[in-house]
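In: structure for the following, please:
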Amino acid sequence: MAVRKIQSNPEDIVQLILNDHILLKQLIEIMKSDDADFRVKKAAFEKFAPALIAHAKPEEQTLYIKMKEEDHTVEGLEGDVEHALADQLCEELKRTTDRDMFMAKVKVLAELVEHHIEEEEEEMLPEFKHDIPLEERVDLGMQYLQLQGELDAQGDTDSPSERSLNL
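Out: Residues are numbered from 1 along each chain as shown. Okay, the predicted model is just below:
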């Protein structure tokens with residue numbers, strides 16, 4: 001039985017998603033920290049929400065669509081549902097004026113997205129990388145970057161790789 005070598009490329013959608021996860025995970029740590037006060041968590045959330053949009057929307061339109069075409073329908077739909085829940089919580093947090101409620105919701109959001117990222121990194125992305133040839137992953141990566149650029153041009157968000165952690 002031949003073993004297929006799993007290659008990598010900086011424009012591979014898997015690598016792009018992993019790169020985006022770095023900033024998101026840093027902000028998640030702040031948002032779920034018991035040591036961070038309201039001001040710090042709010043500042044982290046204000047960086048997190050647009051970075052999440054810049055990551056999630058292109059991911060839905062590239063990776064998840066491809067997964068649904070490649071016999072990973074449930075995983076793709078699960079990702080869509082988790083993204084919708086995170087979007088809903090982000091919108092609620094933007095309107096939340098009560099500090100205690102904000103602190104509760106921001107921690108739940110952080111834990112939800114953290115769980116989602118862990119599942120992607122430990123299960124979904126390795127399977128995708130194994131099942132989908134590098135050329136297709138690079139094509140998807142280029143689409144992913146184009147969609148991020150379109151969101152950025154619309155002023156909707158900044159891509160996670162363009163944002164810094166300066167709070």
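
In: list the buried residues in the helix or strand of the chain with the lowest mean pLDDT.
Out: Lowest by mean pLDDT, DSSP states H and E among the helices and strands of the chain is helix 65-69, with a mean of 91. By neighbour count on 16 or more other CB atoms under 10 Å, the buried set for helix 65-69 is Lys66, Met67, Lys68. The C-beta positions use only the backbone N, C-alpha and C, and glycine is treated the same way.

In: against which helices or strands is the host helix or strand of Asp80 packed?
Out: Asp80 is part of helix 73-95, with elements assigned from DSSP states H and E. Packing partners of helix 73-95 (3 or more CB pairs under 8 Å, 6 or more residues apart in numbering; DSSP states H and E): helix 38-59, helix 65-69, helix 99-119.

In: need the residues that contact that helix.
Out: 45, 49, 52-53, 56, 59-60, 63-65, 67-68, 102, 105-106, 108-109, 112-113, 116, 120, 123-124 (CB atoms under 8 Å, 6 or more residues apart in numbering).

In: before we move on, back to that, adding distance to Ala86, write the helices and strands packed on helix 73-95 out as CSV.
Out: Shown next, in CSV, are the helices and strands packed on helix 73-95 (distance: least, CB to CB, whole Å):
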stretch, distance to Ala86
helix 38-59, 6
helix 65-69, 18
helix 99-119, 6
